[in-house]
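J.: I need the structure of the sequence given here:
(one chain, ligands or ions: 1)
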Amino acid sequence: MGRTTSRSEPAGAPRVTVLTGAGISTDSGIPDFRGPQGVWTRDPQAAQLLERGPYLADPAIRRRTWQMWRDSPVWGARPTPAHRSLVDLERAGLLAAICTQNFDGLHQRAGSSPSTVLELHGSLTWTRCLFCDSRERTADVLARLDVDPDPHCALCGSPLATGVVMFGEALPGDVLDAAVEAAATCDVFVVVGSTLTVQPVASLTAVAAEAGARVLIVNAQPTPFDRMADRVDRRPIQESVPDLVAELLTGP
Ligand code: ZN
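T.: Below is the predicted model:
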């Protein structure tokens, strides 16, 4: 394998890649999408606010989508002990990458280096033009939403959208490539709070397993990859992840 090492990595220490999903942030007050109390389980129409085609075509959908983002619990959320324990893993030199399905920015707010966080489904922190390269902070767009409920690009006049990847859009290719590399070259692959039902992110687990990594899954519900795992932990994430990090830091 083309296993790469970094200078900060202690000799013989395992190289760990982590995949996080909505489950790591629900204790921060951010509901997941597909769980029993998920946003889309309770309101299936809410998923339509994140479809690129209707979003582009309908100003009313864009206005509703921006209101949804303004009211999002993400803005008041705080990182959890699980987020913070992954920072400890990075500081010890064991962390290759955090591949995340979350767009809430809580890994970075907990203290993870932005360069180690691979945001596969994009980010709410930034807002982009859907046609040119201009971007600005989402907080600035939301601050003027009362006077500008359907914001457009100052450069080209096209509708703006948050950096969250919409249905009908490809995942950012460079981020996905980096995530595949991190999955294929790690010794331990840890899944935290993901049901592993959304592709292509879920298949990172298979990439890691096929490359010979130990696979550890921490999730309350069963996942389609449980039988590939060396260990499945169903305890609450805020208990199991700090325990797991302590175990990795102590070594075998
Ligand atoms: Zn533009």
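J.: ok now the longest helix seen in the chain, how far from the chain's centre?
T.: Longest helix of the chain, by residue count under DSSP state H: helix 237-250. Chain-centre distance of helix 237-250: 19 Å, with Cα atoms, centre = their mean, to the nearest Å.
J.: Contact partners for Met166?
T.: Applying Cβ atoms under 8 Å, 6 or more residues apart in numbering to Met166 gives the contacts Leu50, Glu51, Arg52, Tyr55. Every residue, glycine included, has its C-beta placed from N, CA and C.
J.: PyMOL command to pick out the buried ones of the residues you listed?
T.: Buried residues within the contacts of Met166, by 16 or more other Cβ atoms under 10 Å, are selected in PyMOL with:
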select buried, resi 50+51+55
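J.: Tell me the buried residues in the longest helix of the chain?
T.: Neighbour-count burial for helix 237-250, counted by 16+ other Cβ under 10 Å, picks out Ile237, Ser240, Val241, Pro242, Leu244, Val245, Leu248.
J.: With distance to the ion and pLDDT added, can I get those residues in TSV?
T.: Shown next, in TSV, are those (distance: Cβ to the ion, whole Å; pLDDT from 0 to 100):
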residue	distance to the ion	pLDDT
Ile237	39	96
Ser240	44	96
Val241	40	97
Pro242	43	97
Leu244	44	97
Val245	42	97
Leu248	44	95
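J.: which among those residues gets closest to Glu181?
T.: Nearest to Glu181 out of the buried residues of helix 237-250 is Leu248 (Cβ to Cβ; 20.4 Å).
J.: The closest one against Leu95, yeah?
T.: No: contact between Leu248 and Leu95 fails when scored by Cβ atoms under 8 Å: they sit 9.5 Å apart.
J.: Find the residues that touch each one of those two.
T.: Common contacts of Leu248 and Leu95, defined by Cβ under 8 Å, 6+ apart, comprise Val16, Leu89.
J.: so how far is the lowest-mean-pLDDT helix or strand in the chain from its chain's centroid?
T.: Lowest on mean pLDDT, DSSP states H and E among the helices and strands of the chain sits helix 39-42, with a mean of 72. Centre-to-centre, helix 39-42 and its host chain are 18 Å apart (Cα atoms, centre = their mean).
J.: helices or strands up against that helix?
T.: Helices and strands touching helix 39-42, by 3 or more Cβ pairs under 8 Å, 6 or more residues apart in numbering; DSSP states H and E: there are none.
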